[in-house]
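Participant: A structural model of the following input is requested.
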Amino acid sequence: MTAQECASMLKNNRIFQSVNESRLEELVYGAQMRTFRRGDELLSPERGGRTMGMILTGSAAVNKGRAVISTLVPGAVSYTHLTLPT
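Facilitator: So this is what the prediction gives:
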């Protein structure tokens, strides 16, 4: 998938609708693309850090314990965040 195609997918997500296409392409050029297999953990709040991921092809389950609470499809964005104590 090209950077332009990835930027177009981001543009379709409401989080990025106000960002112009050339800026989205810049963001995508700096991104790391990874491939996962069934059962792999993509993102986890237990790991901490700041991570954002977008599903390009296939789907991913969002679990809470053993229960599937949502399914992410191509174009869906998911992220973890670092919560600092106050």
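Participant: Now do the SS call for the residue nearest to the spatial centre of the chain.
Facilitator: For the chain, G53 is the residue whose C-alpha lies nearest the centre (C-alpha atoms, centre = their mean; 1.9 Å). Under DSSP: H, G, I helix; E, B strand; the rest coil, G53 falls in the strand class.
Participant: And the spatially closest residue to it that is not a sequence neighbour, which helix or strand is it part of?
Facilitator: Sequence neighbours aside, S78 is the residue nearest to G53 in space, at 5.3 Å (criterion: C-beta to C-beta, 6 or more residues apart in numbering). Glycine gets a C-beta too; all of them are placed from N, C-alpha and C. If you go by DSSP states H and E, S78 is part of strand 77-80.
Participant: With R23 instead?
Facilitator: Here R23, judged by DSSP H and E, is contained in helix 21-29.
Participant: Sort out which residues of the strand or helix carrying S70 are buried, please.
Facilitator: Taking DSSP H and E as the criterion, S70 maps to strand 67-72. Of the residues in strand 67-72, L72 count as buried by neighbour count, 16 or more other C-beta atoms under 10 Å.
Participant: which secondary structure elements does that strand contact?
Facilitator: For strand 67-72, the packing partners by 3 or more C-beta pairs under 8 Å, 6 or more residues apart in numbering; DSSP states H and E come out as strand 60-64.
Participant: now what about the strand it packs on, what contacts it?
Facilitator: Contact with strand 60-64 is made by 36, 42, 68-72, 76, 78, as judged by C-beta atoms under 8 Å, 6 or more residues apart in numbering.
Participant: again, 7 Å this time
Facilitator: 42, 68-72 (C-beta atoms under 7 Å, 6 or more residues apart in numbering).
Participant: so which of those residues comes closest to Q32?
Facilitator: Ranked by distance to Q32 (C-beta to C-beta), the contacts of strand 60-64 are led by L42 at 12.5 Å.
Participant: Could you check how far the closest one is from M33?
Facilitator: Per C-beta to C-beta, to the nearest Å, L42 is found 13 Å from M33.
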